[in-house]
Each structure stands twice: as structure tokens, then as C-alpha cells.
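**Student:** one predicted model, sequence on top.
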Amino acid sequence: MLLQTQSTTIRPLTTAHLAQTMTLLGLTSFELYQKIETELASNPALELTAERVCPHCRRPLADSNPCPICTRPSNSNPNEPIVYVSSREDFLPSKYTSSESEISEEGLTPDSEDLPTYVLRQIAPDLDPDDHFIAAHILTSLDDDGLLRTPLAEIAHYHHVPISRIEDVIHLIQHSDPLGVGSQTPQEALLVQLEILAETTTIPPFTAKAIQEGMDLLSRRQYSELGHKLHLPLSNVKEIANFISDNLNPYPARAHWGDVRQGSSANPDVYYHPDIVITSQGESEVTHLMVEVISPLAGRLRINPLFREAIHDAPQEKAEQWQEDLDRASLLVKCLQQRNNTLVRLMQRLAVIQRQFILEGDSELAPITRASLAEELGVHESTISRAVASKAVQLPTGRMVPLSKFFDRSLHIRTALLEIIAKESKPLTDIQIAKILDKQGYQVARRTVAKYRAMEGILPAHLRSKNKQNIR
């Protein structure tokens, strides 16, 4: 009975704590600042102290500079980043940069776009001009998972075209990035990804059949039943399940954006105010990365001690309201601390994995996924997605990029592709480019080269050849 009472009492608070933390985690530093300002204006239990303290170690800070203790290297290992929380509460752009001239106008432009625009830009070179409206219709009809729930017959009827023409457009969409986007079911998305992956990877036998005939059993992890249905030993079924789990995603948009809804709704002004600032100290092999996680008013927000004392003598008609204010204030302070801890853990690992990218540029980006990082940190993938969504990072060069760029698995290959095309004496075909990339250690298929070329806005070889002739 005691256990039941405790469970009833604790569960709502735990749920509220988790929900509040996840909400705050998804906010940018500017949005968080506005959230805190609103709470300060409406909740008498919250207050700002005049004295600044370090958000982490709670030491008093004499000036506006970060904590001298928390920003000190813990060891001589240059690969170990120094990650700390900073308030930067006034959000003046000049405080984010050492010099306004160091940041170009391009660097302040948000490096993001919504999913329909992103996909349409890839397929445009291969799309019949008359089919642009059809492609736009399909892409704007996708759900948050990147799946098309609208019947094809309905789209065909709307545009007065045969269903086969709709299917041709969807085929182009499905083979763009993220692979499988535009599929009608998670099962279809997996099969599209499997088809592409088979060009460069060895697929366990019967994987496609397992997806086609045993999707329900796979999702419920009923491997024995699936083995019986496919006449396969249990070890083979587990191999198939592990391969699907490691390499395929039934919800393409989730894998690419974390949360596709952030794509079009994010406020572009956010990118004028970085959520994370990375600087470097030292030179060459002893360069330390300083990672500043911005949390507005950190170290100054607290529960009003006078309000906490006064609540014991609250008038009967106000006691309940005052207690709610105190609970709400306590929850906000705790959840803010949890948000900061999560972002610090995330950046501590990301700064190690992407150290070369941070210091040397796009060609050095290490291919990682949100799912793999979530597993490494022991958190749910949705936590990483929320932490990454809409956040902007200022790199040591002053360039500002979305945090999601750290998870762009094709950026280093696309950078290599751009270098190859920049150096070509005569236009290279996609097959030729694929062979050169293979020699450089990038095993990609011809159609993948075509997709990456389209993403970068580069014309096919025969059109590049015509452009050169026209220039001459």
C-alpha cells in the first residue's frame, strides 16, 4: 500500500519534470531567454540575483568573464575540450565575436531549409518541368515522419494525370536524401533504403523478404516466429534484425532532421545569436577547444527566499496559489539545470568526434548519426534530436552553422566531389566521379554521385560541357 501511495505521488512530478526538461531542451538560447523573462514577470517566487555565480561550481564571479576554474583544462590532452555554461544574457551580437569583420554576411545566414525544399532541390535536375507542381504537391503532403499518407489516386485525380506519372515522381523523391522519403509506409521506406544500400554493402540473405512478409514480427522482436515463417535459423533472423536496426530507418524524416517540424517553423533570427560558441586556444598539436554552451541568466536565477519564508504565513485564500508558484519556480530552476547538463554532455562528445571538422572544415566531418550518439551517451534518440533542433554553433573561424550540420553524413563526400569537379579539365560523368571518389576511400554508387551533385546545384556532365562551350 505504501508503494502504491508513493508511486501516485511521485509520478506526476516526474512526468512534469521530464516534460518541462524536454520542452526547454528544444528551445534556442534566445527563445529560452524569452521564456525565463516571461516567468520572471508572472511568478513572484522567481528572482534574479545581483551577484553572478558560476552555473556549474557556484563560485562567485567578479566580472562578466566566464568562471576561471571551470574553463581551465583538466589535463594536458589537447583532444579533450573544455565545455562550460555561460549566461551571455544581453544577447548583443558583438559579444559573440571578437570582431564584426570576422563574420561574413553568409556566416550569419541560417544553414537550414524545410524538408520539401531540400528534397525538391535535389530532384529538380532530373524532374520534367511539367512535373514540378506534382513533386511540390507530394512533398508538402508528407507527414512528420517523411511518409506520404495521401492516396496516389487522389493526387493523380487532382492533377488529371495517370497514376504511373505520380509513381515516377515518387520514385525520384524516394531516392533522394533522406532515402525512402515519400514512401507510403515504413515498410516501403525500408525496402527503398535496402535497394540503395545493396549497391555498396553486403546485405544478409532474406532481409527484403523479412521486411515484406514479417514486418510486424520484426517490430515486436518475435524472432522465433519470424524464423519459422521464413524457414530460417534464429541466428540468421537476429542477423537480419540487427542489420535493419543499424542501417535502415522506417521514418526517413526523423533520421535526417531529428524533428521535421523544426525545418520550416524555426525562426531565422535565431541564427544571429549562437546557442554554442566554439573557440580555440593554442596552436597546432596543443590546440584546446573551448565550448561555451549559452544559457541566458545562468547563475542568477533562483527561488526568492523571502517568498519561500512568507508562504508559511500565506492567507488561506492565497495559500494554494502561492504553493503553485513556488512549485512552478522550483521545477523551472531544476529543469534548466538538467537542460544545461544535457547540452554540456552532448558537446563534450561532439567536440571530440568532430574536432577536425571544427578546426579544418567540411572535408573533415566525421559521419555520425543521432542514434549512435544517443546510444553512446545512454539517452533516447529524441533527447538528442531536441538538443540539436534549431541550435546554431559559432565555429572558431566565426562561421555560424546549425548544430544539425555536425550530423550531416554526406558532407565530407560532397566536399570531395566539389573539389573533383573544380579541378576537372573536361566535364566528368557521374561514373567517372564515382571511380575517383572510390580511390579516395569513398565507396558511393553512380546514382549517389548524381544525388550529391544535385544537392550542390551542379549540372550533369553534358550540360556542364555546353556551359563551357557557351562561355568560350
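**Tutor:** Done, it's in. Computed from a prediction, not measured in an experiment: that's the story for all the values here.

**Student:** please count neighbours and contacts with C-alpha atoms only from this point.
**Tutor:** Will do.

**Student:** secondary structure element holding Met347?
**Tutor:** Assigned by DSSP states H and E, Met347 belongs to helix 316-353.

**Student:** I'd like to know which elements that helix is packed against.
**Tutor:** Contacts defined by 3 or more Cα pairs under 8 Å, 6 or more residues apart in numbering; DSSP states H and E place helix 316-353 against helix 2-25, strand 82-86, strand 288-294, strand 301-303, helix 381-388.

**Student:** low pLDDT regions in the stretch 201-350 of the chain?
**Tutor:** Residue ranges of the stretch 201-350 of the chain with pLDDT under 70: 254-272, 283-285.

**Student:** ok, now the stretch 351-472 of the chain?
**Tutor:** Ranges of the stretch 351-472 of the chain meeting pLDDT under 70: 465-472.

**Student:** now the strands for it?
**Tutor:** Secondary structure of the stretch 351-472 of the chain (DSSP state E, counting those that start in this stretch): strands at 392-394, 400-402.

**Student:** among these, which is nearest Pro186?
**Tutor:** Comparison of the strands of the stretch 351-472 of the chain against Pro186 by Cα to Cα identifies strand 400-402 as nearest, at 27.9 Å.

**Student:** which residues are in contact with the helix or strand where Leu306 lies?
**Tutor:** Using DSSP H and E, the element containing Leu306 is helix 305-310. By Cα atoms under 8 Å, 6 or more residues apart in numbering, the surrounding residues in contact with helix 305-310 are Pro44, Ala45, Leu326.

**Student:** related to what we said a few turns ago, mean neighbour count and distance to Gln281 for the strands of the stretch 351-472 of the chain - can I get that in JSON lines?
**Tutor:** Shown next, in JSON lines, are the strands of the stretch 351-472 of the chain (neighbours: other Cα atoms under 10 Å; distance: least, Cα to Cα, whole Å):
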{"stretch": "strand 392-394", "mean neighbour count": "26", "distance to Gln281": "15"}
{"stretch": "strand 400-402", "mean neighbour count": "23", "distance to Gln281": "19"}
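
**Student:** in a markdown table, list those along with distance to Ala135.
**Tutor:** Output for these, formatted as a markdown table (distance: least, Cα to Cα, whole Å):
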| stretch | distance to Ala135 |
| --- | --- |
| strand 392-394 | 30 |
| strand 400-402 | 27 |
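
**Student:** wait, which of those is closest to Ile368?
**Tutor:** Taking the strands of the stretch 351-472 of the chain one by one with Cα to Cα, strand 400-402 is closest: 15.4 Å.

**Student:** mind listing what that closest one pairs with, with the direction of each?
**Tutor:** Listed by DSSP bridges, the sheet partners of strand 400-402 and their directions read strand 392-394 (antiparallel).

**Student:** distance check, the closest residue in space to Ile431 that isn't next to it in sequence against Ala434.
**Tutor:** Nearest-residue entry for Ile431: Arg446, 5.3 Å, with adjacent residues in sequence omitted and distances by Cα to Cα, 6 or more residues apart in numbering. Using Cα to Cα, to the nearest Å, one obtains 6 Å as the distance from Arg446 to Ala434.

**Student:** more neighbours: which of these two?
**Tutor:** Ala434 (22 against 17; other Cα atoms under 10 Å).

**Student:** surely that one and Val449 touch.
**Tutor:** Yes: at 6.4 Å, Ala434 counts as touching Val449 under the criterion of Cα atoms under 8 Å.

**Student:** show me the contacts for the residue nearest in space to the middle of the chain.
**Tutor:** Closest residue to the average C-alpha location of the chain: Ser404 at 3.9 Å, with Cα atoms, centre = their mean. With contact taken as Cα under 8 Å, 6+ apart, Ser404 is in contact with Trp257, Val388, Ala389, Ser390, Lys391.

**Student:** save those residues as CSV, and put in neighbour count and distance to His160 too.
**Tutor:** Below are the contacts of Ser404 laid out as CSV (neighbours: other Cα atoms under 10 Å; distance: Cα to Cα, whole Å):
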residue, neighbour count, distance to His160
Trp257, 25, 33
Val388, 26, 42
Ala389, 23, 39
Ser390, 27, 39
Lys391, 22, 42
